[in-house]
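**Q** with the sequence up front, the predicted model follows.
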2 protein chains.
Amino acid sequence: MAGGRDELKLLGTWTSPFVIRVKLALSFKGLSYENVEEDLYYNKSELLLKSNPVHKKVPVLLHNGKPVCESQLIVQYIDEAFSTEAPSLLPVEPSERAMARFWAAYIDDKLFASAFRAGRAKTEEEQAEALKETFAAVETLEAAFKECSKGKPFFGGDSVGYLDIVLGVLIPLVYVGKARYGIKLFDDTRSPLLEAWVERFGALDATKAILPEVDKLIVEYSKAKQARAAAMSAAASN
Amino acid sequence: MAGGRDELKLLGTWTSPFVIRVKLALSFKGLSYENVEEDLYYNKSELLLKSNPVHKKVPVLLHNGKPVCESQLIVQYIDEAFSTEAPSLLPVEPSERAMARFWAAYIDDKLFASAFRAGRAKTEEEQAEALKETFAAVETLEAAFKECSKGKPFFGGDSVGYLDIVLGVLIPLVYVGKARYGIKLFDDTRSPLLEAWVERFGALDATKAILPEVDKLIVEYSKAKQARAAAMSAAASN
């Protein structure tokens, strides 16, 4: 638990995978925090604009009033600032730390980027191309899991580590993709290790406490799609 | 100096800012290494393809045969693996470490990305737009320098730190831009602190030992432009 002097406040939205990533890190570290829900479309808070003036994005973690931005950096920060709380998320050995950071960047820059592109594609062709890249990234990550976990249950080995948390936010999206589009991101042939990892990581108490319900997410993503369309249409008519 | 058991090999090209970044880190840490010049256009080495199968890019640092990829991650790796060699590049305090990583990402994702776009623009309009973004990023970084250096000479304070090395690779490009396009990236009105920092950081022995000569860079960048054009034309005719 955070000591009496530690005040943690998280600015986010409950649907954002990048915010959920930070919540997972806080959950595994057993840290309590105040959750502040932001309205990104119509009314970003003064605190958000002041805390992340460069990107004006969530998540922002305020630790005793000091802001930390960017989800991967926040998770690393939590690991360093609360290094006495188990588990240690980043590996100890420098080359393994570098490898964890390498795959974390890959997850956001390749896997998430192409999956989001698929979700927002305007044509079938565009969607097919983005899905192809997404599945290629899944295959690459299947090999990364083998390399990092060394036959153990998690990316972090015997216990959950940085990459489990970085990739873990994908789990609700896996179920949304299946329910909404009939797309199986992980399966027995392409990614049997990751398929099993999704079950294993998703079943942990610290994960279940955080990951949002799939049905609610589906409703919310539809609303967000409408809000984006409305904002674009308003911008076009101005 | 790296101990007798430490073998460091750097795969790179002498013109790449991202390779120069790693060389700067090695130089400031006083580490000796074997430099392997790669031919990225026509003949990537087997060692490069084996060491960075995901991105197939330089730089790659091999430490006792183990590869580390991505320039920012390599610099962090060098700092962690050779933590007993002064100076320490990343700050000690977790929130300052997070801030250093935040601005490092900004330098690559915003400043470098827009500067490279300006250098490779195909129309005047495209170039003007990219330059506008570049100058906006410079202004933001001027404020970042003030925040990080706290009135001291370097991003790292009294001694050179992570951000000095991450941004330092820009120095030859500043002179290339001035000589080739008459563009002053830093100046007294927009960025007086960074203007002075360029002189200060560029004058250090560990920097001077690494940064390539501007005249040679200009010749090489022209060759690279022709090689890109030839490669594109060859691809188009196949």
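**A** Happy to help now that I have it.
**Q** hmm, who's touching the helix or strand harbouring residue A:216?
**A** Assigned by DSSP states H and E, residue A:216 belongs to helix A:214-237. With contact meaning C-beta atoms under 8 Å, 6 or more residues apart in numbering or on different chains, helix A:214-237 is reached by A:14, A:15, A:41, A:172, A:175, A:176, A:179, A:180. Just so you know, the C-beta spots here come from the backbone N, C-alpha and C atoms, and that holds for glycine as well.
**Q** what of stretch A:25-39?
**A** If you take C-beta under 8 Å, 6+ apart as the criterion, stretch A:25-39 is touched by A:1-2, A:6-14, A:23, A:44-45, A:47-48, A:58, A:61, A:74-75, A:78-79, A:82, A:85, A:87, A:89, A:160, A:165, A:206-207, A:209-210.
**Q** near chain B, which residues of chain A are found?
**A** Applying C-beta under 8 Å from any C-beta of the partner chain, one finds that chain A approaches chain B through A:54, A:63, A:66, A:68-70, A:73-74, A:76-77, A:80-81, A:94-95, A:97-98, A:101-102, A:105-106, A:140.
**Q** tell me the buried residues within these.
**A** For these, a burial check counting by 16 or more other C-beta atoms under 10 Å in any protein chain shown picks out A:63, A:68-70, A:73-74, A:76-77, A:80-81, A:94-95, A:97-98, A:101-102, A:105-106, A:140.
**Q** inside strands: which ones of the residues you listed?
**A** A:63, A:68, A:69 (DSSP state E).
**Q** and the last one, how far is that from residue B:107?
**A** The one in question is residue A:69. Between residue A:69 and residue B:107 the computed distance is 15 Å (C-beta to C-beta, to the nearest Å).
**Q** can you select the buried ones among the contacts of stretch A:25-39 for me in ChimeraX?
**A** With 16+ other C-beta under 10 Å as the burial test, the buried ones among those are selected in ChimeraX as follows:
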select /A:2,8,9,10,11,12,13,23,44,45,48,58,61,74,75,78,79,82,85,87,89,160,165,206,207,210
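**Q** strands of chain A, start to end?
**A** Going by DSSP E, chain A shows strands at A:8-12, A:34-37, A:60-63, A:66-69.
**Q** dump those to JSON lines, plus mean pLDDT.
**A** Below are the strands of chain A laid out as JSON lines (pLDDT from 0 to 100):
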{"stretch": "strand A:8-12", "mean pLDDT": "98"}
{"stretch": "strand A:34-37", "mean pLDDT": "98"}
{"stretch": "strand A:60-63", "mean pLDDT": "98"}
{"stretch": "strand A:66-69", "mean pLDDT": "98"}
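**Q** nearest to residue A:186, out of these?
**A** Checking the strands of chain A against residue A:186 by C-beta to C-beta gives strand A:8-12 as the closest, at 25.9 Å.
**Q** in chain A, which helix has the most residues?
**A** helix A:124-149 (DSSP state H).
**Q** which parts of it are buried?
**A** A:127, A:130-131, A:133-135, A:137-138, A:140-142, A:144-145, A:148-149.
**Q** just give me the closest of the contacts of helix A:214-237 to residue A:194.
**A** The closest of the contacts of helix A:214-237, once distances to residue A:194 are taken by C-beta to C-beta, is residue A:175, at 14.2 Å.
**Q** what residues are up against the closest one?
**A** Here residue A:175 is in contact with residue A:214 (C-beta under 8 Å, 6+ apart).
**Q** give me the pLDDT value at the residue nearest to residue A:183 when sequence neighbours are not counted.
**A** Leaving out its chain neighbours, the residue that sits closest to residue A:183 by C-beta to C-beta, 6 or more residues apart in numbering or on different chains is residue A:177, at 4.4 Å. At residue A:177, the model reports a pLDDT of 89.
**Q** could you do residue A:2 as well?
**A** Looking at residue A:2, the pLDDT reads 47.
**Q** list the buried residues of the lowest-mean-pLDDT helix or strand in chain A.
**A** Within chain A, confidence by mean pLDDT, DSSP states H and E is lowest for helix A:214-237 among all helices and strands, at a mean of 83. Neighbour-count burial for helix A:214-237, counted by 16+ other C-beta under 10 Å, picks out A:214, A:217.
**Q** could you list the low-pLDDT ranges of chain A?
**A** A:1-4, A:238 (pLDDT under 70).
**Q** how about a cut-off of 80?
**A** A:1-5, A:41-42, A:224-225, A:227-228, A:231-232, A:235-238 (pLDDT under 80).
**Q** what packs against the longest helix of chain A?
**A** helix A:94-106, helix A:113-120, helix A:162-168, helix A:192-202 (3 or more C-beta pairs under 8 Å, 6 or more residues apart in numbering or on different chains; DSSP states H and E).
**Q** which of these sits most buried?
**A** helix A:162-168 (a mean of 27; mean count of other C-beta atoms under 10 Å in any protein chain shown).
**Q** so what touches it?
**A** Residues contacting helix A:162-168 (C-beta under 8 Å, 6+ apart): A:21, A:24-25, A:28, A:72, A:75-76, A:79, A:89-91, A:100-101, A:103-104, A:107-108, A:141, A:144, A:148, A:154-156, A:201, A:207, A:211.
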